[in-house]
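Trainee: compute the structure for the input listed below.
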Amino acid sequence: MSPAAAEAVLDPESLATLRTLCDLAPFPVLDDLSTPRARSVLAGVDLLVTGWGCPPLDAGVLAAAPRLRAVAHTAGSVRGHVTDACWQRGVEVSSAAAANAVPVAEYTLGMILLTGKRALEQARAYRATRRRDDWLRTPRTVGNHRRTVGVLSASLIGRRVIDLLRPHDLEVLLHDPYVSDADAAELGAERVELAELFARCDTVSVHTPLLPETRGLVSRALIDSMPDDAVLINTSRGPVVDQDALTDAVRAGRVRAVLDVTDPEPLPPDHPLWDCENALITPHLAGSVGNEWRRLADLALAEIAHWASGAGFRHPVRRERLAFLA
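Mentor: Predicted structure coming up:
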């Protein structure tokens, strides 16, 4: 991983725990696997602890690491560094995606409830006028009682969002082509087709991984079908949404947007979304940050302990599931 990722995620207490589980190679961490030092370290490793900034573990790297049997990733997606060569070798892979899903789902829940109350817009108006409007004249479109929320994809994060929505008096719809009506009901949602999700929901939250078939999935037609004043929340990947279509709808004042990801990221300084009062753009902060990094380390450490005991990983990444993962 990168030195910055190691410093952020692996605090002294985590490193001390790691040293009780294995013989840890001396620091500094490896962020270039082609150097003489890296090749010397790789020659003796059974397990790699990886993170943000890890170079691809390709055939050349594996040739230098003949004993490598496992990878414990301290972040979510492994697409950037676990290559076909790893799967062909039979390397076991674990990911902290389940831990990283927690803050993303919490961010999503917060934004669903805040946008339902129009809290950001009302705070902005309150600051400008310094007076409170007649609250008894609040439109009935404002509030979270029986608001309809749509979740796009029953991913790890999507499922956790649905779970967090349970205590609230909301109607939850789900679209995921791989989930049955019964499975959706068990999760706590009504399964609907994609077009119905956008046409019926006051808020749609996107949790679809970026795959060739999901690029541009949230199309202009879907955005145009959303009810007036509906909210689109995207914490997945920017290219899943037709950003030009969303920009047009937001600039027209027809829909609102909460975007933790964009395409590109960040947006160009002159992009019109920056100046739209009905768009909230955050700097990819929904995932683990600050003290939340400890959750990633704790999961990875638990995985290493479980694997070292001979019981394998509790959160394995399966090659056959790659097509459905972020």
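Trainee: what sits against the residue lying closest to residue 95 once chain neighbours are set aside?
Mentor: Counting by Cβ to Cβ, 6 or more residues apart in numbering, residue 95 lies nearest to residue 73, which is 4.6 Å off, once chain neighbours are set aside. Where C-beta positions appear, they are placed from N, C-alpha and C, glycine not excepted. Applying Cβ atoms under 8 Å, 6 or more residues apart in numbering, we find residue 73 in contact with 50-51, 54, 81-82, 93-96, 300, 317.
Trainee: wait, which of these is closest to residue 266?
Mentor: Closest to residue 266 out of those is residue 51 (22.4 Å), distances taken as Cβ to Cβ.
Trainee: that closest one touches residue 9, doesn't it?
Mentor: Yes. Counting by Cβ atoms under 8 Å, residue 9 is a contact partner of residue 51 at 5.7 Å.
Trainee: residues shared between the contacts of the two?
Mentor: Overlap of the contact sets of residue 51 and residue 9 (by Cβ under 8 Å, 6+ apart) consists of 1, 74-75.
Trainee: quick one: which of those is nearest residue 310?
Mentor: residue 74 (21.9 Å).
Trainee: run a quick check on that closest one versus residue 54, I expect a contact.
Mentor: No. Look at residue 74 against residue 54 with Cβ under 8 Å: they stay out of range, at 9.5 Å.
Trainee: now do the buried residues in the lengthiest helix in the chain.
Mentor: Longest helix in the chain, counting residues (DSSP state H): helix 97-116. Buried residues in helix 97-116, counted by 16 or more other Cβ atoms under 10 Å: 97-105, 107-109, 111-116.
Trainee: got it, and stretch 275-283?
Mentor: 276, 278-281.
Trainee: what sits up against that stretch?
Mentor: With contact meaning Cβ under 8 Å, 6+ apart, stretch 275-283 is reached by 111, 120-121, 124, 250-251, 253, 255-260, 262, 266-267, 273-274.
Trainee: coming back round to it: same list (the shared contacts of residue 51 and residue 9) but as JSON lines, adding distance to residue 195, pLDDT and secondary structure.
Mentor: Output for these, formatted as JSON lines (distance: Cβ to Cβ, whole Å; pLDDT from 0 to 100; DSSP: H, G, I helix; E, B strand; the rest coil):
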{"residue": "1", "distance to residue 195": "42", "pLDDT": "97", "secondary structure": "coil"}
{"residue": "74", "distance to residue 195": "39", "pLDDT": "98", "secondary structure": "coil"}
{"residue": "75", "distance to residue 195": "34", "pLDDT": "96", "secondary structure": "coil"}
